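K.L.:
Take this sequence and fold it.
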Amino acid sequence: MHKIVTVASWALIVLLFLQPGTAHRGAMEGMRIFTTALLPYLLPYLVITQLFIRTQKTFLKSNNKLKLYANIYLLSTLGGFPGGAAIISSLKEIGSLNARNASWLLAICHAPSPMFVIGFVGIEIFHAEVAGLKLLVIIHVFNIIFLLLFILFSDPIQMNQNQVKLSTSPFQESIKETSQILLLIGTTVVFFTTISIIVFESVKEIYPSISPLLLVFIASFFEMTGGISLAGDILSGQSLLPVIISLIVAFSGISIHMQIIILAQKAKISIRPYILFRFLHMLIIPLFFLF
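P.N.:
Residues are numbered from 1 along each chain as shown. The predicted structure is shown next:
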């Protein structure tokens, strides 16, 4: 793994030097995506949820598994990823969840924002709001089934033994935590958007006759939003478009995975269930979306 990372790093460094203009354009596009599509929606939601989990005494602190996990799922899915991971990692750090519970909830509560799926995917890509709603329902039905199984078969709730004493200034702590999360999100979005465009342009230059479908997968592998936009442009009107879009949403992209993995590592949460569920999403969600 170390050798692979080393080779990949040097390859990207060479590409950056060979294509400085493309790298600059990729960074600017990443900044545009973050500042216009992510920041305005994520910032108020993250501040509110961080404040909420620091001030509520009963909503997120309960020995009733159904109540606690359902409340966490509700908060996580309203904001979409990586907001859910931020909530779960914060609850683990303040002691409301132990490491095992947090690990499984991190995997189960992974879902895109309703505004993103219905608005962007449904209206702008499929030109049908109902198509975005259908995709969103499939994702949540899948997640809720596993959430109920987890509630049914998991051990009784055990809070983290090393509970952190909450700050006497919850709003200040919420702002501080939100700024760190947004810095993480912004950095990963700009970085992986830049890498995506560099690789994309390099492949097109080396193989001018490359399949457009392969270009879509290259773009969406690194950054989901850009991949979906490209798929909508290249595959517009084709029967393959719903399958490809649902697959991209199920995979989510390396940029989002890195955001969630960093949040999980910060809170010392295992990511094995998360990785398992991403493969399950990729197998199941596109299949059900066809019918």
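
K.L.:
Give the buried residues for stretch 93-103.
P.N.:
By neighbour count with 16 or more other C-beta atoms under 10 Å, stretch 93-103 contains the buried residues 93-98, 101-103. For glycine as for every other residue, the C-beta is placed from the backbone atoms N, C-alpha and C.

K.L.:
same deal with stretch 250-263?
P.N.:
For stretch 250-263, burial by neighbour count (16+ other C-beta under 10 Å) applies to 250-263.

K.L.:
ok, so of the buried residues of stretch 93-103, who is nearest Leu147?
P.N.:
Of all the buried residues of stretch 93-103, Asn101 has the smallest distance to Leu147: 11.9 Å, by C-beta to C-beta.

K.L.:
any idea which element that closest one lies in?
P.N.:
helix 99-108 (DSSP states H and E).

K.L.:
Kindly report the same for Ile262.
P.N.:
Here Ile262 sits within helix 254-266, counting by DSSP H and E.

K.L.:
Lys268 - nearest residue in space that isn't next to it in sequence?
P.N.:
Nearest non-adjacent residue to Lys268, counting by C-beta to C-beta, 6 or more residues apart in numbering: Ala99, 6.4 Å away.

K.L.:
how close does the one you found sit to Asn71?
P.N.:
Going from Ala99 to Asn71 by C-beta to C-beta, to the nearest Å gives 19 Å.

K.L.:
What of Ile87?
P.N.:
10 Å.

K.L.:
who's more crowded, these two?
P.N.:
Set Ile87 next to Asn71 and count neighbours by other C-beta atoms under 10 Å: Ile87 wins out with 25 against 17.

K.L.:
now the angle from the helix or strand hosting that one to helix 99-108?
P.N.:
Using DSSP H and E, Ile87 sits within helix 83-94. If you take axes from the mean of the first three to the mean of the last three C-alpha atoms, to 10 degrees, helix 83-94 sits at 170 degrees to helix 99-108.

K.L.:
Which parts of the stretch 101-250 of the chain are strands?
P.N.:
Assigned by DSSP state E, counting those that start in this stretch, the stretch 101-250 of the chain shows no strands.

K.L.:
how about low-confidence regions in it?
P.N.:
157-168 (pLDDT under 70).

K.L.:
Show me where the chain has its helices.
P.N.:
With helices called from DSSP state H, the chain shows them at 2-18, 20-32, 39-55, 65-79, 83-94, 99-108, 114, 129-153, 170-206, 212-222, 224-234, 241-251, 254-266, 272-289.

K.L.:
In TSV: those helices, plus distance to Ile123.
P.N.:
Formatted as TSV, these follow (distance: least, C-beta to C-beta, whole Å):
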stretch	distance to Ile123
helix 2-18	35
helix 20-32	20
helix 39-55	16
helix 65-79	19
helix 83-94	22
helix 99-108	28
helix 114	13
helix 129-153	5
helix 170-206	22
helix 212-222	19
helix 224-234	11
helix 241-251	13
helix 254-266	21
helix 272-289	17
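
K.L.:
Pick the most buried one from those helices.
P.N.:
Compared across the helices of the chain, helix 83-94 shows the largest average neighbour count, a mean of 25 (mean count of other C-beta atoms under 10 Å).

K.L.:
tell me the average confidence for that one?
P.N.:
In this model, helix 83-94 carries a mean pLDDT of 85.

K.L.:
if we can go back for a sec, which neighbours do Ile87 and Asn71 share?
P.N.:
Shared contacts of Ile87 and Asn71 (C-beta atoms under 8 Å, 6 or more residues apart in numbering): none.

K.L.:
about what we covered before: now, the most widely separated pair of the buried residues of stretch 93-103?
P.N.:
Farthest pair in these (C-beta to C-beta) is Ile94 and Ser103. Separation: 16.5 Å.

K.L.:
so who does Leu42 touch?
P.N.:
Leu42 neighbours (C-beta under 8 Å, 6+ apart): 79, 83, 182, 185.

K.L.:
mind checking pLDDT for it?
P.N.:
On the pLDDT scale, Leu42 is placed at 76.

K.L.:
now the one 4 residues further on
P.N.:
Note on Leu46: pLDDT of 79.

K.L.:
My read is that it contacts Leu182, right?
P.N.:
Yes: if you go by C-beta atoms under 8 Å, Leu46 and Leu182 touch, sitting 7.0 Å apart.
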